[in-house]
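Visitor: build the 3D model from these lines:
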Amino acid sequence: MKFKKFWFSILVMLCVVFFPATVHADQKRLIALSPNHTYTQYDVTSDGKNDKLEIAFLPYKKLQFYINGKKVYSSNAKNVFDIDIELCTLSNKKNYIHLKQITPVNDYLKSDIFLTYKSNRLVTAVNTLSHMKNVGHGRFECTVNKVTKSTICTHEQVMFYGIGLIDYRVTYKPSGNKLVPTGNAFPLVYSKSKKNFWTVATKLKITCLNHAFISVPPGDNCKIYKIKFDHIVPWSYSPMVYMKFIKYDGSLYNSCWLSCPSNYTSKYFLESVYI
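Guide: Purely as a prediction, here's the structure:
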């Protein structure tokens, strides 16, 4: 009996030495966090150890993050009445905080960013609204759809001028301290109850990228499959959608990329609704 107790004591000491209590078990890839809470069970700094994370939020006043007792982030966004926070964990211990700041007007997003820990600070890994700069749109929404071992997949929604409401998926991957899209063309997402048919509102005259010319009369339909953002001019991105136009008899026109207009009064489709 004494012999067994001796080896049991040795085993306990080895566990203490090689598996210290500060090392956490694998945490979930996507964790929802709440404001004005303190968390001690998650790794935020990507060092493999649990951190003390405090989130202080007072609507319209302040939003601050504290890690292990030190202030690491303070928001400059104004008129924010609500926030959504998620912790995303990749398999290489790359951890990101998804922060959405919302204004009281139609729940409009004031800011949507992913933060990562660097040099005792939380810094921006990606601003998902950056490709919306100088782009005519009604509103924007971003939701984390899935976190894998090496990527973060988001479901983004935009009301583009002239086009209407579009849902699409963007997959981000780490690049240094940044998150970057895996490409610049993103697939559109449709619910099972809605087909991706769009009805032409006014006659469209389009010159495709392959220089083919398309003239589409009102009432004909099209299907939109994906969207991309091209850096056509240095100070802005131009959103374009890839579509196939369908004639009354069901046959196809040529497929092409169509540029979104900058004016919301230039409605390409009957489904161009804005909120």
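Visitor: can you list contacts of stretch 57-70?
Guide: Outside of stretch 57-70, the residues that reach it under the criterion CB atoms under 8 Å, 6 or more residues apart in numbering are 35-36, 44-45, 51-56, 71-75, 77, 79-83, 97, 101, 115, 117, 120, 122. From N, CA and C alone the C-beta is placed, and that goes for glycine too.
Visitor: stretch 188-197 now?
Guide: Contacts with stretch 188-197, where a contact means CB under 8 Å, 6+ apart, come from 155, 166-169, 221-227, 246.
Visitor: repeat that for 6 Å
Guide: Residues lying outside stretch 188-197 but in contact with it, judged by CB atoms under 6 Å, 6 or more residues apart in numbering, are 167-169, 221, 223-224, 226.
Visitor: how far does that stretch sit from the chain's center?
Guide: In this view, stretch 188-197 has its centroid 20 Å away from the chain centroid, taken as CA atoms, centre = their mean, to the nearest Å.
Visitor: average pLDDT across it?
Guide: The average pLDDT for stretch 188-197 rounds to 74.
Visitor: now it: buried residues?
Guide: Leu188 (16 or more other CB atoms under 10 Å).
Visitor: what does stretch 31-50 give?
Guide: Within stretch 31-50, the residues that count as buried by 16+ other CB under 10 Å are 31, 33, 39, 42-46, 50.
Visitor: and what about His131, helix, strand or coil?
Guide: Remark: His131 carries the secondary structure label helix [criterion: DSSP: H, G, I helix; E, B strand; the rest coil].
Visitor: please report how far it lies from Cys260.
Guide: Computed with CB to CB, to the nearest Å, the distance linking His131 and Cys260 is 12 Å.
Visitor: before we move on, what about Ile85?
Guide: The separation that Ile85 has from Cys260, given CB to CB, amounts to 31 Å.
Visitor: quick one: contacts for Ile206?
Guide: Contacts of Ile206 were listed using CB under 6 Å, 6+ apart, and they are 214, 256, 258.
Visitor: buried among those residues? Need that as a selection in PyMOL.
Guide: Written as a PyMOL command, the selection of buried residues from the contacts of Ile206, which uses 16+ other CB under 10 Å, is:
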select buried, resi 256+258
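Visitor: thinking again about what came up before, identify the farthest-apart pair in the contacts of stretch 188-197.
Guide: Taking CB to CB, the two most distant members of the contacts of stretch 188-197 are Arg169 and Asn221; they sit 23.3 Å apart.
Visitor: which one of the two is surrounded by more residues?
Guide: Taking other CB atoms under 10 Å, Arg169 and Asn221 do not tie; Asn221 has more neighbours (19 against 15).
Visitor: is Ser111 bridged to anything, and to what?
Guide: The residues paired with Ser111 through beta bridges, assigned by DSSP bridges, are Gln101.
Visitor: what's around it, how many residues?
Guide: Counted with other CB under 10 Å, residues neighbouring Ser111 total 19.
Visitor: now the contacts of Ile206 as CSV including pLDDT and distance to Gly136?
Guide: What follows is these, written out as CSV (pLDDT from 0 to 100; distance: CB to CB, whole Å):
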residue, pLDDT, distance to Gly136
Ile214, 76, 23
Cys256, 76, 20
Leu258, 77, 14
